[in-house]
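J.: Show me how the following folds:
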Amino acid sequence: MLERLIQSLEASPITKRGEYNYFIHPITDGVPLLEPDLLREIGCAMVRCLDLEGVDKIVVCEAMGIHIGVGLSLMTDIPLVVVRKRPYGLPGEVAVHQTTGYSKGELYLNGIEAGDRVVIVDDVCSTGGTMRALIGAIESTGAEIADICVVVGRGDEEIGRPLKVLVKIEVSETRVRVVDTCF
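T.: Numbering: from 1, shown residues only. Predicted coordinates:
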């Protein structure tokens, strides 16, 4: 399982962003092309590893969590909530104040209510800054987080609760190396 993901990650080009070795991959960047077989493989892996019992909603962050969440929603018939980068001012909207290793910003959570049971899925977790902020925002609504899964783990992500990672990677100046998988 995850052969397509591992092969495509280890073939990813690397570029420098300041001192940061940045890998470019369809799942984390949307370029050059998102192949359906790769999305299907990731969706099947998430269905297999996530606790989806009684889950009402799948929560993803704009932008690179959307394609993963859509695939999982289609496979499970669980509705999808997209945390957006702009406010809509809807009743119950929650601002998510995120700080990552390389950025700060605001996201906006809508569509989550007290008593909801949700799972969070995303493309990558590096420092855990976005995930910690999202967890706090969801918990402030009174919803329960059943499980969390990301496709790629990079670094020492600490989010204050268990995090499932499909593949763990290391990135050097020349290549991506998959060092662990969840299966």
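J.: in this protein, which spans are strands?
T.: 14-17, 20-23, 57-61, 80-83, 94-99, 104-109, 117-125, 144-154, 164-171, 176-181 (DSSP state E).
J.: mean confidence for the fourth one?
T.: Rounded to a whole number, the mean pLDDT of strand 80-83 is 98.
J.: For residue 61, see how far away the nearest residue to residue 100 once chain neighbours are set aside is.
T.: Of all residues not flanking residue 100 in the chain, residue 129 sits nearest, at 4.1 Å (Cβ to Cβ, 6 or more residues apart in numbering). In short, each C-beta sits where N, CA and C put it, glycine included. Per Cβ to Cβ, to the nearest Å, residue 129 is found 12 Å from residue 61.
J.: Compare those two (neighbour count), which wins?
T.: Neighbours per residue, other Cβ atoms under 10 Å: of residue 129 and residue 61, the larger number sits with residue 61, 25 against 19.
J.: Test my guess that the more buried one contacts residue 108.
T.: No: Residue 61 is not in contact with residue 108 according to Cβ atoms under 8 Å; the separation is 10.5 Å.
J.: Give the bridge partners for the most centrally placed residue in the chain, please.
T.: For the chain, the residue nearest the mean C-alpha position is residue 122 (0.8 Å; Cα atoms, centre = their mean). Beta-bridge partners recorded for residue 122 (DSSP bridges): residue 150.
J.: what sits against it?
T.: Contact partners of residue 122, counting by Cβ atoms under 8 Å, 6 or more residues apart in numbering, are 60-61, 64-65, 68, 130-131, 150-151.
J.: can we see that at 6 Å?
T.: Contacts of residue 122 were listed using Cβ atoms under 6 Å, 6 or more residues apart in numbering, and they are 61, 65, 150.
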